[in-house]
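Enquirer: compute the structure for the input listed below.
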Amino acid sequence: MIGAGIDVTRLRALAEYSHAVIARNQDIGGAYPAAPTFSAYQGYAWLRDGAFTAEGVSRYGDVASADRFHGWADRVLRGRRGQVDELVAAVARGERPEDAAMLPTRFTFDGGDGSDPWWDFQTDGYGTWLWSVVTHAGRHGLDLEQWRGGIDVAVDYLVTFWDRPCYDWWEEHVEQRHVATLGAIHGGLVAVAPYTSVDVLDVAERIRSLVVAEGMYDGHLTKWLGTSAVDGALPACVVPFGLVSGDAAAATLAAVARELDVDGGVHRFTADVFYGGGQWLLLSALLGWNLAVAGDTAGAWRHLRWIAGQATPDGDLPEQVPLHLLHPGSRDEWIARWGPVATPLLWSHGMYLILADELGILTAKA
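Expert: Residues are numbered from 1 along each chain as shown. This is a model prediction of the structure:
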């Protein structure tokens with residue numbers, strides 16, 4: 001098995017390096033760049049990527065870095081207060097805003113929209129940020145009121161648009177309602193429920209009921225409502241977002257492992273052609289995180305070691321690696337379009353920190 005001989009000392013060193021990569025690339029305003037050198041990501045920050053990265057940094061003990069990210073997200077969202085008010089008012093009038101009018105999934109470091117076309121309408125990042133900021137504040141005894149403006153904007157946006165089809169985590173299938181997206185919204189609303197006067201728990205229960213009714217097949221969660229396919233993002237609906245538990249959770253983890261996990265590396269989905277459909281480090285960490293929480297420590301270690309085995313000689317973690325490609329014939333066209341795979345990807349490093357913390361090997365704190 002790849003990485004089986006890597007000892008704990010090296011795994012700890014990679015955690016230290018992961019924190020250093022994230023810290024040195026963080027923008028002065030607090031944003032975490034998705035990838036500092038990758039052509040399509042350079043100069044942009046995602047709430048989804050950043051929220052998971054901030055969770056890893058928070059677990060590592062770098063409270064100041066996570067604070068700066070959450071402060072950035074709060075400022076960005078407060079700057080969208082008028083836009084969200086207009087969108088909510090349009091719905092109240094019986095109108096359906098165009099996708100182009102919705103909040104974006106990625107922002108420039110100063111909180112603006114991108115200058116090039118993107119698959120921008122995605123709601124999961126707003127739920128993920130709510131979960132991340134509440135979790136960070138609880139871990140370190142911080143006052144959430146410092147981020148109140150952004151929290152209120154995210155809550156109003158999600159309560160109004162939680163059930164609207166949008167692009168998924170992978171910028172695909174805008175026509176579908178994606179279970180991982182619904183899970184992220186559910187997790188964010190449940191996390192923030194004690195800190196808002198909005199009845200977010202009613203919406204969270206409606207999400208759960210919808211997914212149970214239409215987003216399950218053979219006992220496990222599915223990629224979107226009404227399909228039998230699975231997706232590597234689905235474990236997030238178990239941990240950390242708590243959309244399902246018990247038998248449904250176990251069946252979902254088993255389905256993802258059975259269909260998408262090869263030797264510890266996890267694919268996004270079986271039809272994935274992006275860079276040939278390789279194995280994603282952050283998804284390996286996500287599944288490992290779930291296994292650790294479920295008590296499968298050996299399984300979690302297997303994923304941590306596999307991730308470490310994919311690091312470059314300098315310690316950088318890429319977005320994906322070309323092992324067990326699902327559609328190898330499509331890899332070259334993406335290299336020609338965007339260049340080599342994003343390396344380092346800060347989300348990969350953040351997820352490594354989360355899994356390392358779950359396994360108790362974060363000894364060097366910021």
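
Enquirer: and for the chain, the residue most distant from the center?
Expert: Distance from the C-alpha centroid of the chain, by Cα atoms, centre = their mean, peaks at residue 93 (33.1 Å).

Enquirer: so where does the residue nearest the centre of the chain fall, helix or strand?
Expert: Centroid-nearest residue in the chain, with Cα atoms, centre = their mean: residue 48, separated by 4.6 Å. Using DSSP states H and E, residue 48 maps to helix 47-60.

Enquirer: what does residue 290 give?
Expert: With elements delineated by DSSP H and E, residue 290 resides in helix 281-294, which encompasses its position.

Enquirer: and whatever helix or strand comes next after that helix, what does it pack against?
Expert: Secondary structure here is assigned by DSSP H and E; on that basis, the next helix or strand after helix 281-294 toward the C-terminus is helix 297-309. The criterion is 3 or more Cβ pairs under 8 Å, 6 or more residues apart in numbering; DSSP states H and E, and the helices and strands that helix 297-309 contacts are helix 8-25, helix 281-294, helix 346-358. Quick note: C-beta positions are derived from backbone N, CA and C, even for glycine.

Enquirer: give me the angle between the second one and helix 47-60.
Expert: Going by axes from the mean of the first three to the mean of the last three Cα atoms, to 10 degrees, helix 281-294 is angled at 50 degrees with respect to helix 47-60.

Enquirer: repeat that for the first one.
Expert: Taking the same axes, to 10 degrees, helix 8-25 and helix 47-60 form an angle of 130 degrees between their directions.

Enquirer: now for helix 8-25, which elements pack on it?
Expert: Applying 3+ Cβ pairs under 8 Å, 6+ apart, one finds that helix 8-25 contacts helix 47-60, helix 297-309, helix 346-358.

Enquirer: try 10 Å this time
Expert: In terms of contacts (3 or more Cβ pairs under 10 Å, 6 or more residues apart in numbering; DSSP states H and E), helix 8-25 is packed against helix 47-60, helix 63-78, helix 297-309, helix 346-358.

Enquirer: in the third one, what counts as buried?
Expert: Read it as helix 297-309. Within helix 297-309, the residues that qualify as buried are 299, 300, 301, 302, 303, 304, 305, 306, 307, 308, 309, counting by 16 or more other Cβ atoms under 10 Å.

Enquirer: equivalent analysis for stretch 271-285, please.
Expert: Neighbour counts over stretch 271-285 (16+ other Cβ under 10 Å) mark 272, 274-285 as buried.

Enquirer: spatially nearest residue to residue 70, not counting backbone neighbours?
Expert: residue 133 (4.9 Å; Cβ to Cβ, 6 or more residues apart in numbering).

Enquirer: on that earlier part again, would a markdown table of the helices and strands packed on helix 8-25 with mean pLDDT and distance to residue 251 be doable?
Expert: Written out in a markdown table, the entries for the helices and strands packed on helix 8-25 read as follows (pLDDT from 0 to 100; distance: least, Cβ to Cβ, whole Å):
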| stretch | mean pLDDT | distance to residue 251 |
| --- | --- | --- |
| helix 47-60 | 98 | 24 |
| helix 63-78 | 98 | 33 |
| helix 297-309 | 97 | 16 |
| helix 346-358 | 98 | 22 |
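
Enquirer: so for residue 113, which of these sits nearest?
Expert: Go through the helices and strands packed on helix 8-25 one by one with Cβ to Cβ and the one that ends up closest to residue 113 is helix 63-78, at 10.9 Å.
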